[in-house]
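[1] The following comprises the amino acid sequence and a computationally predicted model.
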Amino acid sequence: MNVSIVGSGYVGTTVAACLADLGHDVLNIEIDEDIVEAINAGEAPIHESGLAERIAEHAGTSLRATTEYGDARDTDVTFLCLPTPQSEDGSLDLAIMRAGAESLGRALADKDDDHLVVVKSTVLPGTTEDVVGPILESESGTQLGDGLEIAMNPEFLRMGTAVGDFLEPDKVVFGTASDGADATLRELYAPIIEREETDLVETDIREAELIKYANNAFLASKVSLVNELGNIAREYDADAYEVLEAVGLDDRISERFMRSGLGWGGSCFPKDVNALRAGAREQGYDPDLLDAAVAVNDEQPRRLVGLLADHVDLEGARIAVLGLSFKPGTDDIRKSRALDVIEYLADRGADIVAYDPVAIENVRPEYPEIEYADSAEGALEGADGAVVATDWPEFDDLSFEGMARSVVVDGRRIEVDEDALEVYEGLTW
Ligand SMILES: NC(=O)c1ccc[n+]([C@@H]2O[C@H](COP(=O)([O-])OP(=O)(O)OC[C@H]3O[C@@H](n4cnc5c(N)ncnc54)[C@H](O)[C@@H]3O)[C@@H](O)[C@H]2O)c1
Ligand SMILES: O=c1ccn([C@@H]2O[C@H](COP(=O)(O)OP(=O)(O)O[C@H]3O[C@H](CO)[C@@H](O)[C@H](O)[C@H]3O)[C@@H](O)[C@H]2O)c(=O)[nH]1
């Protein structure tokens with residue numbers, strides 16, 4: 001099938017490379033010329049395991065990128081993988097979706113054959129039918145159902161495991177308003193939905209939109225609950241990891257997403273939980289539990305720095321921050337808890353030296369004033385204290401030998417020889 005994908009960021013690039021892998025002809029439509037150039041040169045514009053090989057294999061044959069929306073006419077289906085950021089007040093900002101839908105609608109105005117437009121971006125219920133659909137209709141001059149169709153297909157991939165998550169998901173959700181749209185999506189996803197391990201959910205567009213938010217709200221709240229239980233466990237001098245490992249044996253709860261510590265960041269949980277909170281309020285409902293999940297999450301970085309301050313006078317102290325990305329396996333720093341830690345440390349006058357295996361170049365422009373090291377050992381050399389902000393596997397069994405004072409506050413439960421340290425504090429254990 002000929003597929004175009006509007007927006008070639010973390011989702012659009014991954015989906016494009018994976019669909020090319022499944023045998024489709026894929027075109028990325030992207031406004032950033034550097035990204036277009038990278039893809040056409042067979043290079044991955046982002047760090048994501050398994051992506052570079054796929055782009056190198058398919059670029060120039062079944063995978064191509066362009067800045068021209070007009071090329072969407074030569075495809076049968078277009079996925080909108082555009083950003084849906086949060087506004088200042090936390091609500092969903094649809095400006096980029098509107099602009100993308102307008103450009104696509106204009107491009108489809110000259111198309112004679114049928115076309116399906118699939119919203120893959122995370123959007124609140126009603127957006128696909130009440131915002132994207134009408135824009136496509138007015139810009140293309142074609143009524144929905146008259147050769148032009150819309151659908152919603154939320155994406156559940158995670159950063160760091162995006163390729164595997166897309167190709168081997170737990171579930172795929174098709175939100176459609178017609179059998180034709182559903183059949184097209186089934187054909188496109190055939191090898192994925194034929195897997196025994198993948199559940200296919202076929203539903204209406206609004207439910208598909210809300211499934212995505214409900215999924216993220218559930219997971220984010222689970223981590224906040226785990227963090228609250230961890231904070232309580234610490235007060236009782238109990239180990240939250242042991243406690244929650246036992247709790248997770250109850251299969252109604254599951255042992256996954258049970259890691260307490262610095263909390264959740266990334267490009268999705270914070271903005272999606274906030275969009276759902278703002279959306280719920282707009283509908284007249286106060287989402288008290290989601291408000292609390294955010295409040296618990298916001299407090300964890302401050303608690304971490306507070307724990308360090310119990311042992312080190314932070315004013316003028318050299319503090320190593322280990323890990324900058326919002327989680328291991330990615331160079332994505334959006335809403336990374338590590339950045340909150342840096343802010344709190346800077347507020348208290350610490351001299352910060354940071355290390356991350358892949359994310360330093362993304363952080364440097366935002367924090368040019370802090371020092372960056374080439375290795376964890378380099379960051380620790382001569383430091384008066386260290387905090388662990390991201391659970392990169394390479395931090396396990398790290399030697400903290402070169403530190404001026406081996407005071408370590410761990411926000412992510414790495415493997416540590418506690419006896420070799422002057423002070424070791426776990427945030428929730
Ligand atoms: N990142 C994730 O893990 C993830 C997972 C599931 C769903 N989502 C959702 O998918 C959507 C996209 O997320 P992302 O992380 O890929 O975003 P992103 O910011 O990484 O990428 C978006 C891309 O769209 C491009 N773009 C912006 N305006 C454009 C326009 N008018 N025309 C063409 N291209 C344009 C940008 O240059 C950028 O490359 C969001 O709604 C997000 O919530 C993200
Ligand atoms: O037990 C856990 C699990 C996660 N986290 C943190 O939670 C955040 C999010 O982690 P994760 O969900 O693995 O990463 P994302 O790539 O943000 O993926 C989430 O957000 C995506 C975008 O919507 C969805 O597609 C995915 O299904 C959803 O898991 C990170 O800061 C993690 O450090 C914890 O603190 N403890």
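    That came through, no problem. Ligands and ions are numbered 1, 2, ... in the order given.
[2] Up against ligand 2, what does the chain have?
    122, 155-159, 216, 219, 223, 257-259, 261, 263-266, 268-269, 272, 326-327 (CB under 6 Å from any ligand atom). C-betas here are computed from N, CA, C, even on glycine.
[3] could you pull out the strands for the protein?
    2-6, 25-29, 63-66, 77-80, 115-119, 148-152, 171-176, 199-203, 318-322, 351-355, 371-372, 385-388, 407-410, 423-426 (DSSP state E).
[4] tell me what the last one is packed against?
    In this case it means strand 423-426. Applying 3 or more CB pairs under 8 Å, 6 or more residues apart in numbering; DSSP states H and E, one finds that strand 423-426 contacts strand 407-410.
[5] And the pLDDT for the closest residue to ligand 1 within the stretch 1-150 of the chain?
    Proximity of the stretch 1-150 of the chain to ligand 1 (CB to the nearest ligand atom) peaks at Gly9, 1.6 Å away. pLDDT for Gly9: 95.
[6] got the contact list for it?
    Neighbour list for Gly9: 35, 46, 81, 83 [criterion: CB atoms under 8 Å, 6 or more residues apart in numbering].
[7] Looking at those, state which has the most neighbours.
    Cys81 (26 neighbours; other CB atoms under 10 Å).
[8] that older thread, now the residue of the stretch 1-150 of the chain closest to ligand 1: how far from Val15?
    10 Å (CB to CB, to the nearest Å).
[9] One more: Phe395?
    Counting by CB to CB, the separation of Phe395 from Val15 is 31 Å.
[10] If you count surrounding residues, which of those two has more?
    Taking neighbours as other CB under 10 Å, Phe395 and Val15 compare with Val15 leading, 25 against 22.
[11] That one contacts Val6, doesn't it?
    No: judged on CB atoms under 8 Å, Val15 makes no contact with Val6 at a distance of 10.9 Å.
[12] Pull up the overlap in contacts between those two.
    Joint contacts of Val15 and Val6 (CB under 8 Å, 6+ apart) are 79, 81.
[13] Could you give the average pLDDT over stretch 212-232?
    pLDDT averaged over stretch 212-232 gives 98.
[14] Counting neighbours, which bits of that stretch end up buried?
    Buried residues in stretch 212-232, counted by 16 or more other CB atoms under 10 Å: 212-213, 215-217, 219-231.
[15] Can you pull out the residues in contact with it?
    So stretch 212-232 is in contact with 122, 124, 154-156, 173, 240, 243-244, 257-261, 263-264, 268-269, 272-273, 275-276, 289-290, 292-294, 296-297, 300, 303, 427-429, going by CB under 8 Å, 6+ apart.
[16] Out of these, which end up buried?
    122, 124, 154-156, 173, 240, 243-244, 257-261, 263-264, 268-269, 272-273, 275-276, 290, 293-294, 296-297, 300, 303, 427-429.
[17] Looking at the residues you listed, which are in helices?
    Within these, residues falling in helices by DSSP state H are 240, 243-244, 269, 272-273, 275-276, 290, 293-294, 296-297, 300, 303.
[18] Among the residues you listed, which one lies nearest to ligand 1?
    Distances from ligand 1 to these, taken by CB to the nearest ligand atom, are shortest for Asp272, at 6.5 Å.
[19] Ignoring the adjacent residues along the chain, who's closest to the closest one?
    Asn216 (4.4 Å; CB to CB, 6 or more residues apart in numbering).
[20] thinking again about what came up before, and the residues of the chain next to ligand 2 near ligand 1, which?
    122, 155, 157, 159, 268.
[21] least confident pick among those?
    Among these, Met159 has the lowest pLDDT, at 89.
[22] which one is that residue nearest to, not counting chain neighbours?
    Per CB to CB, 6+ apart, closest to Met159 is Thr330, 4.1 Å.
[23] Let me know the distance separating Pro368 from ligand 2.
    Pro368 sits 24 Å away from ligand 2, going by CB to the nearest ligand atom, to the nearest Å.
[24] per-residue pLDDT, that residue?
    For Pro368, pLDDT reads 97.
[25] give me the number of residues near it?
    That count, for Pro368 with other CB under 10 Å as the rule, works out to 8.
[26] Which part of the stretch 1-150 of the chain gets nearest to ligand 2, residue-wise?
    Thr122 (5.9 Å).
[27] these two touch, right, that residue and Asn274?
    No: in this structure Thr122 lies outside contact range of Asn274 using CB under 8 Å: 11.8 Å.
[28] Convert the C-alpha atoms of stretch 56-74 to PDB, please.
    The C-alpha coordinates for stretch 56-74 follow below in PDB (Å, rounded to 0.1, in the frame of the first residue of the first chain):
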ATOM      1  CA  ALA A  56      19.400   2.600   5.900                       C
ATOM      2  CA  GLU A  57      17.800  -0.500   4.300                       C
ATOM      3  CA  HIS A  58      14.600   1.200   2.900                       C
ATOM      4  CA  ALA A  59      15.700   4.700   2.100                       C
ATOM      5  CA  GLY A  60      15.600   5.500  -1.500                       C
ATOM      6  CA  THR A  61      13.500   2.500  -2.300                       C
ATOM      7  CA  SER A  62      10.400   2.000  -0.200                       C
ATOM      8  CA  LEU A  63      11.000   4.900   2.200                       C
ATOM      9  CA  ARG A  64      11.300   8.500   1.100                       C
ATOM     10  CA  ALA A  65      10.900  11.900   2.700                       C
ATOM     11  CA  THR A  66       9.800  15.300   1.300                       C
ATOM     12  CA  THR A  67       8.700  18.700   2.400                       C
ATOM     13  CA  GLU A  68       6.000  18.700  -0.400                       C
ATOM     14  CA  TYR A  69       2.500  17.900   0.800                       C
ATOM     15  CA  GLY A  70       1.400  17.600  -2.800                       C
ATOM     16  CA  ASP A  71       3.100  14.200  -2.900                       C
ATOM     17  CA  ALA A  72       0.500  12.800  -0.600                       C
ATOM     18  CA  ARG A  73      -1.800  12.600  -3.600                       C
ATOM     19  CA  ASP A  74       0.200   9.600  -4.900                       C
END
